[in-house]
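Chemist: Show me the folded form of this:
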Amino acid sequence: FEENIPGIGLLKREWRYYPLQTFTSHVLGFFGFGPDGKESGQYGIERFYDSLLQGKHGIQDGAVSLGGTFLNIGKGIFLPPREGKDITLTLEFEVQEELEHILDGLEEQFHPTSAGGMVIDPNSGKILGMAARNDFNPNTYASTEHLSYFLIPTSSGCPGKDATAAASVVYSAINTVAGL
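Modeler: Sure thing, here's the model as predicted:
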């Protein structure tokens, strides 16, 4: 966009894009604006690891010319920005795809209000697949029909009990592999 319209300015910025749309949406979550108006991870991995993924903004403070160029006179502060960290998940594409296909079939056959599943490698404790229904597209999370899409389904009705049960399975698998 090359138009030069007085009083109108454009700001180019990067934003997260989720190319697989609903695939792994409950695991990845999404990046957006929080209740405080600040950009941050709002759900899933995006929220849990937000401080690692975001990195830090840089700071530049000092004397500036009329043209906006920073001048190297006197006292000035420059802290370069720091890139956020990358996170590698243990999800296997084929396992995730099959799990999501199974959940789609269960949803079509039984019409539950929600459903979820997890595939864990019993030897390593790695989570190979994790999915929930109803799912959402993290690129368009604001147009999601119901807030309940962002609630994680649980088998016992108590998220704490299910999280504890899942953690104990993973802990047992890790201890078995480690020979503890």
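
Chemist: hey, let's count contacts and neighbours off CA atoms from now on
Modeler: OK.

Chemist: List phi and psi for R16.
Modeler: Dihedral angles of R16 (phi, psi; degrees, to the nearest 10) stand at phi -70, psi 140.

Chemist: how about it, what does it touch?
Modeler: R16 makes contacts with F31, as judged by Cα atoms under 8 Å, 6 or more residues apart in numbering.

Chemist: how about stretch 46-60: buried residues?
Modeler: By neighbour count with 16 or more other Cα atoms under 10 Å, stretch 46-60 contains the buried residues 46-47, 49-50, 53-54.

Chemist: now, among the residues you listed, which is nearest to H101?
Modeler: Using Cα to Cα, E46 comes nearest to H101 of the buried residues of stretch 46-60, at 23.8 Å.

Chemist: For that closest one, pull up the helix or strand it's in.
Modeler: helix 44-48 (DSSP states H and E).

Chemist: picking up where we left off before, so which of the buried residues of stretch 46-60 is the closest to G7?
Modeler: After measuring the buried residues of stretch 46-60 against G7 - Cα to Cα - the closest member comes out as Q54, at 31.4 Å.

Chemist: residues touching that closest one, list them.
Modeler: 40, 83-85.

Chemist: Give me the buried subset of these.
Modeler: Using 16+ other Cα under 10 Å as the burial test, those include S40 as buried.

Chemist: ok, the contacts of Q54 vs T113, which is closest?
Modeler: The closest of the contacts of Q54, once distances to T113 are taken by Cα to Cα, is S40, at 28.6 Å.

Chemist: by contact count, what packs against the helix or strand that contains that closest one?
Modeler: Per DSSP H and E, S40 falls inside strand 39-43. Helices and strands touching strand 39-43, as assessed by 3 or more Cα pairs under 8 Å, 6 or more residues apart in numbering; DSSP states H and E, comprise strand 30-33, helix 44-48, helix 50-54.

Chemist: All the strands of this protein, residue numbers only.
Modeler: Taking DSSP state E, the strands of the chain run over residues 30-33, 39-43, 59-61, 77-79, 115-120, 127-133.
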